[in-house]
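1. I would like the atomic coordinates for the input below:
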Amino acid sequence: MGKIIIYEHANFRGVSREITSDISNLGRLDFNDIISSVKVIGQPWVAYEHINYSGRLMVLEEGEHNYVGRSMNDTISSLQMITEDLHNPQITLYEHPNYQGKSRVIREATNLAAGFDNDIMSSHKVQRGAWLLCEHSDGSGIQYIAREKDNLPHYSAIYLNDKLSFLRPLRPGQQLCPGGIALSSPQPCSWHPGCHPAPRGRNSNSRSPAEMGRIILYEHTNFQGLSKEFTSDIANLRDADWNDLASSAKVIGQPWVLYEHSNYGGRFLVLEEGDHSFFGTKLNNKISSLQMITEDLSNPEITLYEHANYQGKSRVVREATNLAAGHDNDIMTSHKVQRGVWLLCEHSDGSGIQYLARERENLPNYKAINFNDKLSFLRPLRAGRSY
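-> Just a heads-up that it's a prediction; the model follows:
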């Protein structure tokens, strides 16, 4: 199922040992308190500070770990492999001991600190997989490994009662053949004649019609940290444990609008199809609701009017337009949207007061949006690709 190669020094240098099963005391291998780096193949391993799988712990998932970190360097005394099937994890948390009170089923990495359930859980039942439970939202503090079929009636036993802020399932490693070759590898295994490469998956760029509009939020800039995919509007990201947490996003298909407050209120940010590595300082870690643009954006049109109630001079606009560079700057007072969705901006550089005008919207007076005689720039939202 897997193996771990432990090294005496950082960057995989010095004496090394390969281990394929649990070991409760590394002193028996003359390797107690000397591990500084490891390579993990297949299933995850848990490294413990003390013998018999006790003390502080560190989860080591598949890959190369060139340094185990200052807190665990040269302090590891026992190792345990995670043997559970990790492909479809599920844990149920309970508000009170003995599985009482409010309950919540979780199937993915979840930051409870960004929702309604921070520091209130007191017991759990693990249906599938293995889970890392953490005291703090950044994964630090007290940690506990909850394994499949682990029913823990009271978190006081692990010093986590009303302290749980973050949890995530452990990630499965590649399945290995008896010769130790990953079954997803294109290389046949010379040790095991019955082993053949896994078939290639479908092209990752192919998407079903159900995936025409989605957004993937990331906890940190440059698509780092926790992530979560959304395919429909959400009025309060606290319901998904994602309030005031997002810093970057990837948009596939139709544009999305990210709002500062719940129920689509406050300042907003329009994200069209593509990768957005940073939201900017004004809205970083401040997003509380999401809304997908569902209109047909391929042939946009809006009519602007000089006076309230669609009176006075009118102008039909079908493309991005800088009114400040012409005769109609700061004179428009009402509009009718024939097609598409439009971003209206107070200043010609897109800054200042902003407003989203949606298809079939007739707005008789810009005073209602604090925009009277202030419009300098507008543009239609860009359509995403069709799949």
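
2. State the number of residues packed around the residue nearest to Asn309 when sequence neighbours are not counted.
-> In space, and not counting its chain neighbours, Asn309 is closest to Pro364: 4.8 Å by Cβ to Cβ, 6 or more residues apart in numbering. The way it works is simple: take the backbone N, C-alpha and C, and place the C-beta from them, glycine included. By other Cβ atoms under 10 Å, 16 other residues sit near Pro364.

3. Now do the contacts for Pro364.
-> By Cβ atoms under 8 Å, 6 or more residues apart in numbering, the contact set of Pro364 is Ala308, Asn309, Tyr310, Ser334.

4. May I ask which of these has the most neighbours?
-> For the contacts of Pro364, neighbours were counted using other Cβ under 10 Å, and Ser334 has the most, 24 neighbours in all.

5. What distance do you get for it to Leu343?
-> According to Cβ to Cβ, to the nearest Å, Ser334 and Leu343 sit 17 Å apart.

6. Kindly report the same for Gly42.
-> From Gly42 to Leu343 the distance is 50 Å (Cβ to Cβ).

7. can you check Glu8 too?
-> Taking Cβ to Cβ, one finds Glu8 at 59 Å from Leu343.

8. ditto for Glu84
-> For Glu84 relative to Leu343 (Cβ to Cβ), the value is 49 Å.

9. pLDDT of the helix or strand containing Gly312, averaged?
-> Element membership for Gly312, per DSSP states H and E: strand 311-317. Averaging pLDDT along strand 311-317 gives 96.

10. can you pull the buried residues of it?
-> For strand 311-317, the neighbour count (16 or more other Cβ atoms under 10 Å) marks Arg315, Val317 as buried.

11. Kindly report the same for stretch 280-297.
-> Buried residues in stretch 280-297, counting neighbours by 16+ other Cβ under 10 Å, are found at Leu283, Lys286, Ile287, Ser288, Ser289, Leu290, Gln291, Met292, Ile293, Glu295, Leu297.

12. Same question for stretch 25-34.
-> For stretch 25-34, by 16+ other Cβ under 10 Å, it's Leu26, Phe31, Asn32, Ile34.

13. same thing with stretch 52-60?
-> Tyr53, Leu57, Met58, Val59, Leu60.

14. who's in contact with the last one?
-> Going back to what we said before, that points to Leu60. By Cβ under 8 Å, 6+ apart, Leu60 lies in contact with Ile4, Val38, Val40, Pro44, Trp45, Val46, Ala47, Val68.

15. now swap in Gly14 and tell me
-> With contact taken as Cβ under 8 Å, 6+ apart, Gly14 is in contact with Tyr7, Glu8, Ser36.

16. Could I get the pLDDT score of it?
-> Gly14 is given a pLDDT of 92.

17. before we move on, which element is it in?
-> Per DSSP H and E: strand 13-19 holds Gly14.

18. Dump the C-alpha coordinates for that strand into CSV.
-> Extracted C-alpha coordinates of strand 13-19, given in CSV (Å, rounded to 0.1, in the frame of the first residue of the first chain):
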residue,chain,number,x,y,z
ARG,A,13,21.1,13.3,2.9
GLY,A,14,22.8,11.0,5.3
VAL,A,15,21.8,7.6,6.5
SER,A,16,18.4,6.4,5.2
ARG,A,17,15.9,3.6,5.9
GLU,A,18,12.9,2.3,4.0
ILE,A,19,9.9,1.3,6.1
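
19. Strand partners (parallel or antiparallel) of it?
-> According to DSSP bridges, strand 13-19 has the following sheet partners: strand 2-9 (antiparallel).

20. hang on, the earlier thing: can I get the buried residues of stretch 280-297 in TSV including pLDDT?
-> Converted to TSV, the buried residues of stretch 280-297 look like this (pLDDT from 0 to 100):
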residue	pLDDT
Leu283	93
Lys286	95
Ile287	97
Ser288	96
Ser289	96
Leu290	96
Gln291	96
Met292	95
Ile293	95
Glu295	92
Leu297	94
